[in-house]
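Peer 1: Any chance you could fold what I've pasted below:
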Amino acid sequence: MSTIELFWRARKGAALGLRGTDNLSLDWRAIIERKDRIVESWSKGKEENLAKLGIAVLRGKGRFSGPNEIDIEGKKLTARKVIIATGSRPARPSFPGADHGITSDDLIHLKEQPARLVVVGGGFIGLEFGFALARAGSKVTILQSGPQIGPALDDEIREALLVTAKEAAIDIFTGVQVSRIAENSTVEARVGHKNMSFPADEVLLATGRPSNVDNLNLPKASVDVERSAVKVNEFLQSVSNENVYAIGDAAGKHQHTPVAWYEGPIAARNALKGNERKVDFSVFPSAIFTIPAIGQVGLTEREALQRGLKAKVTRLPFTSNPAAGVRDETEGMVKVVYEEATDKVLGVHVLGAHAEDMVQIAAVGMLGGLKRSQLGAAHYVFPTLGGAIFDAMALG
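Peer 2: Sure, this is the predicted structure:
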């Protein structure tokens with residue numbers, strides 16, 4: 001997606017004095033092949049690091065055959081502690097013709113860019129791939145079964161995202177009930193009280209990713225499951241088998257890639273040295289890699305009000321940020337949600353270029369207990385996109 005964003009911004013480069021931008025084009029096959037090389041290189045590097053640490057890697061399908069025993073295609077292994085980190089897999093809906101669609105795992109291996117993409121699902125995965133293909137030049141339609149896309153987004157950020165989606169020529173339909181996918185990849189659906197057809201070259205099924213633990217024979221290990229994931233305590237330890245831990249999607253608390261990155265070392269330390277560290281998601285930054293991206297941490301305005309907090313907000317459009325103006329990256333905004341009486345920062349939401357990096361400034365401030373006024377009074381490097389976080393804190 002980073003390549004596609006570079007392409008999209010370069011195509012807009014005439015305003016910056018760049019010439020020839022109208023003739024830029026993407027080599028889709030080269031993009032996919034580069035992605036494959038990077039993944040292969042990273043995987044090889046991780047294997048080499050494991051070997052240097054003296055950690056054995058066994059390949060095969062593993063299943064529990066006892067509380068502390070795993071069968072890997074006929075080979076038995078016993079261990080005092082086990083960590084389950086099996087990730088998730090794309091869900092495939094049950095409506096007729098779903099086998100004519102592709103999942104996100106399939107899309108990233110396509111050797112040709114589809115001219116028309118219909119995305120079934122308006123959650124984070126559907127939005128990320130929808131924006132990426134639209135910025136790359138595909139005609140994209142997003143079909144969301146619920147009343148709105150990105151249900152977890154702050155309402156104003158969602159509205160701003162809808163504006164950028166319209167600018168990207170993405171068609172979005174909500175309240176959609178898909179009837180079937182025809183053999184020619186046309187999606188037939190009910191939208192409100194109207195039957196509609198959506199022709200496509202590819203149909204992306206972005207309808208969730210259940211935890212990938214159901215083939216591990218967990219009953220043999222007395223491991224309880226909740227909502228298709230291992231039920232764990234605050235130490236990432238199975239509530240029913242103290243020798244088993246689970247992380248990331250396998251634990252099912254938060255389905256974001258950075259969660260596994262965060263939880264892995266905690267589970268390893270707790271398994272080896274006893275339960276010393278609890279997971280803490282009280283300050284939990286996350287990102288959605290639309291183009292432009294979304295970064296968020298803490299409560300939305302709606303969530304704060306629903307909790308009975310006397311919340312107020314400040315907003316700063318990127319058009320007010322000098323660095324964004326110089327770079328011609330002025331789409332988007334920063335929104336700060338704070339408690340009026342205490343000035344405590346309750347949440348920060350960013351839509352714009354490099355939002356995934358910017359929101360971490362707010363997360364660190366919140367983790368350190370800094371008040372909104374303290375962040376708003378801080379000295380920062382000028383002009384920078386990150387400065388928008390501090391400026392938004394100083395408003396109001």
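
Peer 1: quick one, helices of the chain?
Peer 2: When assigned using DSSP state H, the helices of the chain occupy the ranges 2-11, 28-52, 104-107, 124-136, 155-167, 257-273, 301-306, 322-327, 355-367, 372-376, 387-394.

Peer 1: would JSON lines of those with mean neighbour count be doable?
Peer 2: Yep, even glycine has a C-beta here, placed from its N, CA and C like the rest. Below are the helices of the chain laid out as JSON lines (neighbours: other CB atoms under 10 Å):
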{"stretch": "helix 2-11", "mean neighbour count": "16"}
{"stretch": "helix 28-52", "mean neighbour count": "12"}
{"stretch": "helix 104-107", "mean neighbour count": "15"}
{"stretch": "helix 124-136", "mean neighbour count": "24"}
{"stretch": "helix 155-167", "mean neighbour count": "17"}
{"stretch": "helix 257-273", "mean neighbour count": "16"}
{"stretch": "helix 301-306", "mean neighbour count": "16"}
{"stretch": "helix 322-327", "mean neighbour count": "16"}
{"stretch": "helix 355-367", "mean neighbour count": "20"}
{"stretch": "helix 372-376", "mean neighbour count": "20"}
{"stretch": "helix 387-394", "mean neighbour count": "23"}
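
Peer 1: and of those helices, who's closest to residue 188?
Peer 2: The closest of the helices of the chain to residue 188 is helix 124-136. By CB to CB, the value is 18.4 Å.

Peer 1: and the helices of the chain as CSV, adding distance to residue 333?
Peer 2: Formatted as CSV, the helices of the chain follow (distance: least, CB to CB, whole Å):
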stretch, distance to residue 333
helix 2-11, 18
helix 28-52, 30
helix 104-107, 28
helix 124-136, 17
helix 155-167, 6
helix 257-273, 23
helix 301-306, 13
helix 322-327, 10
helix 355-367, 10
helix 372-376, 17
helix 387-394, 9
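
Peer 1: can you list the ones you listed in TSV and add mean pLDDT?
Peer 2: Compiled in TSV, the helices of the chain are given as follows (pLDDT from 0 to 100):
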stretch	mean pLDDT
helix 2-11	93
helix 28-52	92
helix 104-107	95
helix 124-136	97
helix 155-167	97
helix 257-273	93
helix 301-306	97
helix 322-327	96
helix 355-367	97
helix 372-376	97
helix 387-394	98
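
Peer 1: among these, which is nearest residue 316?
Peer 2: Distances from residue 316 to each of these were compared using CB to CB; the minimum, 3.9 Å, belongs to helix 387-394.

Peer 1: Quick one: residues in contact with the closest one.
Peer 2: Identification of contacts with helix 387-394 by CB atoms under 8 Å, 6 or more residues apart in numbering yields 314-316, 318, 320-324, 334-336, 345, 348, 350, 352, 358-359, 361-362, 372-373, 375-378, 380-381.

Peer 1: can we see that at 7 Å?
Peer 2: By CB atoms under 7 Å, 6 or more residues apart in numbering, the list of residues contacting helix 387-394 from outside reads 314-316, 318, 321, 323, 334, 336, 348, 358, 361-362, 372, 375-376, 378, 380.

Peer 1: again with stretch 186-206
Peer 2: Contact partners of stretch 186-206, identified using CB under 7 Å, 6+ apart, comprise 90, 92-93, 98, 100-104, 107, 114-121, 123, 125-126, 129, 141, 143, 173, 175-182, 185.

Peer 1: at 6 Å what do you get?
Peer 2: Defining contact as CB atoms under 6 Å, 6 or more residues apart in numbering, one finds that stretch 186-206 is touched by 92, 101-103, 107, 114-121, 125-126, 129, 141, 173, 175-181, 185.

Peer 1: which of those count as buried?
Peer 2: When burial is judged by neighbour count using 16 or more other CB atoms under 10 Å, the buried members of those are 101-103, 107, 114, 116-121, 125-126, 129, 141, 173, 176, 178-179, 181, 185.

Peer 1: sorry, back to before: residue 218: which of the helices of the chain is closest?
Peer 2: Each of the helices of the chain was scored for nearness to residue 218 using CB to CB, and the closest is helix 257-273 (16.6 Å).

Peer 1: closest to residue 22 out of the helices of the chain?
Peer 2: With CB to CB as the criterion, residue 22 lies closest to helix 2-11 of the helices of the chain, at 7.6 Å.

Peer 1: what's the angle between that closest one and helix 124-136?
Peer 2: Angle between the axes of helix 2-11 and helix 124-136 is 40 degrees (criterion: axes from the mean of the first three to the mean of the last three CA atoms, to 10 degrees).

Peer 1: What is helix 2-11 packed up against?
Peer 2: For helix 2-11, the elements it packs on are helix 124-136, judged by 3 or more CB pairs under 6 Å, 6 or more residues apart in numbering; DSSP states H and E.

Peer 1: Take the helix it packs on, keep the C-alpha atoms, and write them as CSV.
Peer 2: Extracted in CSV, the C-alpha atoms of helix 124-136 (Å, rounded to 0.1, in the frame of the first residue of the first chain):
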residue,chain,number,x,y,z
PHE,A,124,-11.0,-2.2,8.5
ILE,A,125,-9.8,-4.8,6.0
GLY,A,126,-12.4,-3.9,3.4
LEU,A,127,-11.6,-0.2,3.8
GLU,A,128,-7.8,-0.7,3.5
PHE,A,129,-8.0,-2.8,0.4
GLY,A,130,-10.8,-0.7,-1.1
PHE,A,131,-8.8,2.5,-0.8
ALA,A,132,-5.6,0.9,-2.0
LEU,A,133,-7.2,-0.5,-5.2
ALA,A,134,-9.1,2.8,-5.8
ARG,A,135,-5.9,4.9,-5.5
ALA,A,136,-4.3,2.4,-7.9
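
Peer 1: In this structure, which residue is most central in space?
Peer 2: When CA atoms, centre = their mean is applied to the chain, the residue found nearest the centroid is residue 288 (4.7 Å).

Peer 1: Verify the stated contact: that one with residue 294.
Peer 2: Yes: counting by CB atoms under 6 Å, residue 288 does reach residue 294; the two are 4.2 Å apart.

Peer 1: which neighbours do the two share?
Peer 2: Taking CB under 6 Å, 6+ apart as the contact definition, residue 288 and residue 294 share no neighbouring residue.

Peer 1: State the distance from the closest residue in space to residue 121 that isn't next to it in sequence to residue 103.
Peer 2: Computed as CB to CB, 6 or more residues apart in numbering, the closest residue to residue 121 that is not its neighbour in sequence is residue 206, at 3.5 Å. Separation of residue 206 from residue 103 (CB to CB, to the nearest Å) stands at 8 Å.
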